[in-house]
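A.B. asks: Predicted model, plus sequence, below.
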Amino acid sequence: MMKTIRLTTAQALIKFINQQYIHFDGEEFPFVEGIFNVFGHGNVLGIGQALEQDSGHLKVIQGKNEQGMAHAAIAYSKQMLRQKIYAVTTSVGPGSANLAAAAGTALANNIPVLFIPGDTFATRQPDPVLQQVEHEHSLAVTTNDALKPVSRYWDRITRPEQLMSSLIRAFEVLTDPAKAGPATICISQDVEGEAFDFDEKFFEKRVHYLDRKIPLERELNGAAALIKESKKPVILVGGGAKYSRARDILMKLSEKHNIPLVETQAGKATVECTFKNNLGGLGITGTLAANKAARQADLIIGIGTRYTDFATSSKTAFDFDTTKFLNINVSRMQAYKLDAFQVVADAKTTLEKLAPMLEGYTTEFGHTITELKDEWLAERDRLSKIQFTRENFDPEIKNHFSQEVLNEYAEALNTEFAQTAALITVNDTIDPDSTIICSAGSLPGDLQRLWNPTVPDTYHLEYGYSCMGYEVSGALGIKLANPDKEVYSIVGDGSFLMLHSELITSIQYNQKINVVLFDNSGFGCINNLQMDHGSGSYFCEFRTHDNQILNIDYAKVAEGYGAKTYRANNAEELKAALEDAKKQDVSTLIEIKVLPKTMTDGYDSWWNVGVAEVSNKESIQKAYQFRQQKLEQAKQY
């Protein structure tokens, strides 16, 4: 006879979550580490009650903003190489709506995270309940329906027994490397408190096996033939290579066969920068070395990459007349990109099986890889030493802002510090095993080009969605994943203003993070975008009603939260601040005033963006004509 246990739907949810385990490469461990919450009506009396009664091993953390805490959960999962997660619960209405940006972030980056927003009443007795939206065409539509397009799996629970099949399906998706992404289970708030006689077997320990998908013999033979036929292959290291832990075999193959490595944002620091054949980032935010190598390549070996427009320079990074593609990816959809030969399998396993099939093969790159790397390191060194005075601004910068405007910024912000010099100073000063995080603005470009990680897995960039506000919240997630290491949020003033709520959470829970805030008083990246394409500087600078430059005291803001704060407007002050920050037990914020227009620019790359076809400005007309010329090089697939 079936044994049952009477629980509310919410209690059953928490009990089930506690029993989910991952098995990977011989190790077994709980999959769900904890749960972030902002309680409100719709989840406090159901899920909140269940957690208060018996949270099991789950760590329960109170967030300050639903998007912020969800970003922390995403960053935790990403830093744990998608093998452990936090769940996230919110109230109905605005609480669940605030998950939309975070869900998109998780989906674009293939990061597993469990969202459990409250929902309206299944009975509809009190409809419209507080915070409920209404549609004339359907009473079944709620705010949570907005999460459908940004969830890998989505379900609504309107009866307690529905929870069982829904959770099993959700965890299948969450633990599948090929489909990994956000799973959203909306639970009607009255149903959260309803009881049901659940089968006790439903709560037995469940082990989800992350088995490495083995490549077929056909796939291996085809891949080996393509590589041996090529003269100048290039390996593109994507995020899938990092999640597969393919570092050692990548280095072995690269060194033995003299194949250069180039990286996507997600793949950077899979192999440390000191490896001789690592040429750095590819594409729009890439290095000159990587982009030159890709231009010469007759075969691109894509390892766990989505081939985003930034990595491919909007599909102009390669010579499609002479270049073939070989894609190794657990996702069949991704493996098909750029009309490639597909190997739908685990990256590490595939490369290990390919290794003996490539005996005796050597590329024709010769000393070119070393020469390209040396050329780029010299350029990085040049950028690190650039200094500006109010009488001597770089002529290239003047093309964007006049001498007068630059002097205005220098006076208003009391700085002559270049962003590139500041960033390299941070790189050279923090401990090598520290992890940095960034997401949006001009900083990701500078980081992919200039940041030299000497320890693997210490570079955490969310660039699949490039979601402003991820940087500070995500730093908390990384700290939860690596509690014994320093974490640095590299963030611009624009992103900081968007969202930094979980800085408070880090202080509240004694999870020290370091916020390194680059303030150029504006959305500098987008300002560059508009001016690069013929427009003027229009509503991207932060100016007052009477056209004065905003000079916000961010250090004072963070000090009010309880953080240890610093102000640094030159290299000496920045080094001193970073050294002192290492000694602190509480979260820190270092405010750096930097001059606008002192970030790096593209190196042999192009980004396809929409440019006005009709304009009364000659500069925009020229930008449109240039775009049309570049499009002739691009491919559609």
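C.D. replies: Received the coordinates, thanks.

A.B. asks: With Glu219 as the reference, measure out to the closest residue to Leu216 other than its chain neighbours.
C.D. replies: Among residues not flanking Leu216 along the chain, Ala345 sits closest, at 7.7 Å (C-beta to C-beta, 6 or more residues apart in numbering). Glycine gets a C-beta too; all of them are placed from N, C-alpha and C. Taking C-beta to C-beta, to the nearest Å as the measure, Ala345 falls 7 Å from Glu219.

A.B. asks: count of residues packed around Gln125?
C.D. replies: 8 (other C-beta atoms under 10 Å).

A.B. asks: Please apply the same query to the one 3 residues further on.
C.D. replies: By the measure other C-beta under 10 Å, the count of residues near Pro128 is 12.

A.B. asks: what does the one 5 residues further on give?
C.D. replies: Residue neighbour count, defined by other C-beta under 10 Å, stands at 14 for Val133.

A.B. asks: Let me know how buried the residue nearest to Leu216 is, in neighbour terms.
C.D. replies: 23.

A.B. asks: What of the one 3 residues further on?
C.D. replies: By the measure other C-beta under 10 Å, the count of residues near Lys348 is 23.

A.B. asks: List the contacts of it.
C.D. replies: By C-beta atoms under 8 Å, 6 or more residues apart in numbering, the contact set of Lys348 is 212, 241, 244-246, 249.

A.B. asks: Including pLDDT, secondary structure and distance to Ala576, could the residues you listed go into a markdown table?
C.D. replies: A markdown table is the format used below for these (pLDDT from 0 to 100; DSSP: H, G, I helix; E, B strand; the rest coil; distance: C-beta to C-beta, whole Å):
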| residue | pLDDT | secondary structure | distance to Ala576 |
| --- | --- | --- | --- |
| Arg212 | 97 | coil | 47 |
| Ala241 | 98 | helix | 38 |
| Ser244 | 98 | coil | 41 |
| Arg245 | 98 | coil | 38 |
| Ala246 | 98 | coil | 39 |
| Ile249 | 98 | helix | 42 |
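
A.B. asks: Can you check those and name whichever has the most neighbours?
C.D. replies: Neighbour-wise, the contacts of Lys348 (other C-beta under 10 Å) top out at Ala241, 30 neighbours.

A.B. asks: That one and Asn329: what is the separation?
C.D. replies: Distance of Ala241 to Asn329, given as C-beta to C-beta: 10 Å.

A.B. asks: what sits in contact with each of these two?
C.D. replies: Common neighbours of Ala241 and Asn329 (C-beta under 8 Å, 6+ apart) are 303-304, 347.

A.B. asks: Just the ones of the residues you listed in strands?
C.D. replies: Ile303 (DSSP state E).

A.B. asks: of all the shared contacts of Ala241 and Asn329, which comes closest to Gly181?
C.D. replies: Gly304 (15.2 Å; C-beta to C-beta).

A.B. asks: The residue nearest to Arg306 when sequence neighbours are not counted: which element?
C.D. replies: In space, and not counting its chain neighbours, Arg306 is closest to Gln334: 5.6 Å by C-beta to C-beta, 6+ apart. Using DSSP states H and E, Gln334 falls within helix 332-335.
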